[in-house]
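Colleague: Make a model of this:
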Amino acid sequence: MIKEKFGSRLDGVVRFLMPPALARHLNPNALTVVGALVSLGAAFAFAAGEIRLGGGLVVLGGFFDLTDGVVARQTGRSTTFGAFFDSTLDRFSDLTVLAGIAIYYAGAGSPALALVAAVALVASAMVSYARARAESIVILDAGVFERGERTGVLALGALFELLPAALVVVAIGASVTVVQRIALAYREMERLDAEASVEAAEGQSS
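Modeller: The predicted structure is shown next:
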């Protein structure tokens, strides 16, 4: 939600940090890969107990996540594959970071927090899957806690030593978003089925 609503408004900020002359020499897909590698570094930092470092790397990975889209738009290199590649590595980044956090708490003797991290991981994966699967049939634009919100909460929680609370918020928020998407998909698909039934009945009567 954050990226979709405000991503284009941040273009000016990213252009200031990365001038067009520099952007022209950058491959958006390469920036996507760098962002994923930074997030992988965050996962290792979390797993090693370097919580603030992990939070800082999550922020840096988020910057690259915004930058690849800006560079693609500003240099006219937006492609269908680029959008797919970006979305795929976004999922990789999300899940590896949460896996690193779960590993840390499991090793630190906090099974309850490791479980919360695991719930957050599964719910985050389901948020993306529900949308991807539903949008092969209907347009699905719903959810109060999408990737940008989850990433921001985790980063702030890590940086300000509030990671347990952040995990709870992410686990609950992502779970609610999954339910929202399932409910919307049900409503839209029931509408399509009803319309198909009416059309079939009209076809038989004509």
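Colleague: Phi first, then psi, for Thr75.
Modeller: Thr75 adopts backbone torsions of phi -110, psi 10, taken as degrees, to the nearest 10.
Colleague: For the protein, which residues score under the pLDDT cut-off?
Modeller: Within the chain, the stretches with pLDDT under 70 are 1-15, 17-24, 140-143, 205-206.
Colleague: which parts of the helix or strand harbouring Leu40 are buried?
Modeller: In this structure, Leu40 sits in helix 28-47 according to DSSP states H and E. Neighbour counts over helix 28-47 (16 or more other Cβ atoms under 10 Å) mark 28-29, 31-32, 34-36, 38-47 as buried. (Each C-beta comes from the backbone N, C-alpha and C, glycine too.)
Colleague: give me every residue that touches the closest residue to Ala36 other than its chain neighbours.
Modeller: Leaving aside its chain neighbours, Ala36 sits nearest to Leu89 (4.2 Å; criterion: Cβ to Cβ, 6 or more residues apart in numbering). Counting by Cβ atoms under 8 Å, 6 or more residues apart in numbering, Leu89 touches Thr32, Val33, Gly35, Ala36.
Colleague: tell me the contacts of the third one?
Modeller: Put plainly, it is Gly35. With contacts defined as Cβ under 8 Å, 6+ apart, Gly35 is in contact with Gly61, Gly62, Phe63, Phe64, Asp65, Thr67, Asp68, Leu89, Ser93.
Colleague: now with 7 Å?
Modeller: Applying Cβ atoms under 7 Å, 6 or more residues apart in numbering, one finds that Gly35 lies in contact with Gly61, Phe64, Asp65, Asp68, Ser93.
Colleague: how far away is the nearest residue to it once chain neighbours are set aside from Ser39?
Modeller: In space, and not counting its chain neighbours, Gly35 is closest to Phe64: 3.1 Å by Cβ to Cβ, 6+ apart. As judged by Cβ to Cβ, to the nearest Å, Phe64 and Ser39 stand 9 Å apart.
Colleague: for Phe63, same thing?
Modeller: Distance from Phe63 to Ser39, by Cβ to Cβ: 11 Å.
Colleague: can you check Ala183 too?
Modeller: As defined by Cβ to Cβ, Ala183 lies at a distance of 30 Å from Ser39.
Colleague: What segments of the protein are strands?
Modeller: Assigned by DSSP state E, the chain shows no strands.
Colleague: all helices of it, in order?
Modeller: All helices of the chain, identified by DSSP state H, fall at 2-6, 11-17, 20-23, 28-47, 51-74, 80-107, 111-134, 147-159, 163-205.
Colleague: What would the fourth one look like as PDB? C-alpha coordinates only.
Modeller: In PDB, the C-alpha atoms belonging to helix 28-47 read as follows (Å, rounded to 0.1, in the frame of the first residue of the first chain):
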ATOM      1  CA  PRO A  28      17.000  -1.500 -12.700                       C
ATOM      2  CA  ASN A  29      17.200  -5.300 -12.400                       C
ATOM      3  CA  ALA A  30      20.700  -5.100 -11.000                       C
ATOM      4  CA  LEU A  31      19.400  -2.700  -8.300                       C
ATOM      5  CA  THR A  32      16.700  -5.200  -7.500                       C
ATOM      6  CA  VAL A  33      19.300  -7.900  -7.000                       C
ATOM      7  CA  VAL A  34      21.400  -5.500  -4.800                       C
ATOM      8  CA  GLY A  35      18.300  -4.800  -2.700                       C
ATOM      9  CA  ALA A  36      17.700  -8.500  -2.200                       C
ATOM     10  CA  LEU A  37      21.300  -9.100  -1.200                       C
ATOM     11  CA  VAL A  38      21.100  -6.300   1.300                       C
ATOM     12  CA  SER A  39      18.000  -7.900   2.800                       C
ATOM     13  CA  LEU A  40      19.800 -11.300   2.900                       C
ATOM     14  CA  GLY A  41      22.600  -9.500   4.800                       C
ATOM     15  CA  ALA A  42      19.900  -8.200   7.200                       C
ATOM     16  CA  ALA A  43      18.600 -11.800   7.700                       C
ATOM     17  CA  PHE A  44      22.100 -12.900   8.600                       C
ATOM     18  CA  ALA A  45      22.600 -10.000  10.900                       C
ATOM     19  CA  PHE A  46      19.300 -10.800  12.700                       C
ATOM     20  CA  ALA A  47      20.200 -14.500  13.000                       C
END
